[in-house]
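Chemist: Build me a structure from this.
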Amino acid sequence: MDDILPNAALLERSHAYWSQRAEEYSALHAASRHEALRDALRALLRDLMPHVEERPLRALDAGCGSGFMSLILAELGCDVTAVDFSEDMLAEAARNVARAGASGIELVHADVQHLSFDEGSFDFAVSRNVLWVLPDAAAAYAGIFRALGPGGVLVNLDANYGRAFNAAAEAGEEPVHPTQSAAQLRERNAIAADLPVTRAQRPAWDAGVLLGLGAQEVRCIRDAERLLGIDGGDRFSARASASERAALFVVSARK
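Modeler: You can find the predicted model right below:
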């Protein structure tokens, strides 16, 4: 019981942080500078997604935020179930889906650490920049992987942002971001500072968890910035310190 209360309190704090960021986060991902990133992500997912005969691929967007990855999955022809714990983020996702005129996207309010989908519900699962801030990232992996059918593929795009933020704080560097205030950044750092996933060696930790869940194959791409054509500093601003430039990685696992 001692671990449940701190996690619940931290989850509530994280929910408040991400919910109040919903409109700003949505606008950030709709910016024209993300067009090249969308193209690169579309190509990456096309290469990693499994092949299914005679029906659309059933895809899960785990931690969909404002729907950035959900729309990419829909563009690739998937029937998408997009899950997020923030009602405000889901409202932004609904607006973005409507604005894009996209179809085949179902928005579901749920915590990715406690998914209840049946085994075999999905062929493909994607998560982007979500697990780094979860109190129980291993539980999220377990729930997502369980929901896949045999031959299904999970793709996680992430970075150990918490570790990078801790390093920046220890170096006395002020956090910077193009659209967040200093107070918001301090709250972000405080949420991530002591999470178990922040202390993990990633992506080796991710690969180990997925193999432990029974993955038949796990692949890691460590230099994801180059793959996706991203300047490491651009994720925060041109003034981002070296210690805040967490290295992006991609982990894919086949069930």
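Chemist: Please identify the buried residues of stretch 210-228?
Modeler: For stretch 210-228, burial by neighbour count (16 or more other CB atoms under 10 Å) applies to Leu210, Leu213, Ala215, Val218, Cys220, Ile221, Ala224, Glu225, Leu228. From N, CA and C alone the C-beta is placed, and that goes for glycine too.
Chemist: Let me fix that, I meant to ask about stretch 63-76.
Modeler: 63-74, 76.
Chemist: and it, what's its mean pLDDT?
Modeler: Averaged across stretch 63-76, the pLDDT comes to 96.
Chemist: Any idea how far that stretch is from the middle of the chain?
Modeler: Counting by CA atoms, centre = their mean, to the nearest Å, stretch 63-76 is centred 11 Å from the centre of its parent chain.
Chemist: What of stretch 41-58?
Modeler: So, by CA atoms, centre = their mean, the centroid of stretch 41-58 is 18 Å from its chain's centroid.
Chemist: Also stretch 186-205?
Modeler: 14 Å.
Chemist: got the buried residues for that stretch?
Modeler: Applying 16+ other CB under 10 Å to stretch 186-205 flags Glu187, Arg188, Asn189, Ile191, Ala192, Leu195, Val197, Thr198, Ala200, Arg202, Pro203, Trp205 as buried.
Chemist: next one: stretch 137-153
Modeler: 137-149, 152-153.
Chemist: so when I look at Cys64, I'm seeing a helix, right?
Modeler: No: looking at Cys64 with DSSP: H, G, I helix; E, B strand; the rest coil, it is coil, so not inside a helix.
Chemist: quick one: low-confidence parts of this structure?
Modeler: 1-6, 31-33, 231-245 (pLDDT under 70).
Chemist: Please enumerate the helices of it.
Modeler: 4-20, 22-30, 35-48, 68-75, 87-100, 137-147, 161-170, 182-192, 196-199, 204-212, 224-228 (DSSP state H).
Chemist: And the top strand by length along the chain, how far out from the chain middle?
Modeler: If you go by DSSP state E, the chain has its longest strand at strand 148-158. Between the mean C-alpha location of strand 148-158 and the chain-wide mean there is a distance of 13 Å, by CA atoms, centre = their mean.
Chemist: go on, stretch 89-106?
Modeler: Per CA atoms, centre = their mean, the centroid offset for stretch 89-106 relative to its chain is 18 Å.
Chemist: what's that stretch in contact with?
Modeler: Residues from elsewhere that reach stretch 89-106, judged by CB atoms under 8 Å, 6 or more residues apart in numbering: 18-19, 22-23, 25-26, 30, 56, 64-68, 70-71, 74-75, 78-82, 84, 107, 109.
Chemist: and if we set it to 7 Å?
Modeler: With CB atoms under 7 Å, 6 or more residues apart in numbering as the test, stretch 89-106 has contacts from 18-19, 22-23, 26, 56, 64-67, 70-71, 74, 79-82, 84, 107, 109.
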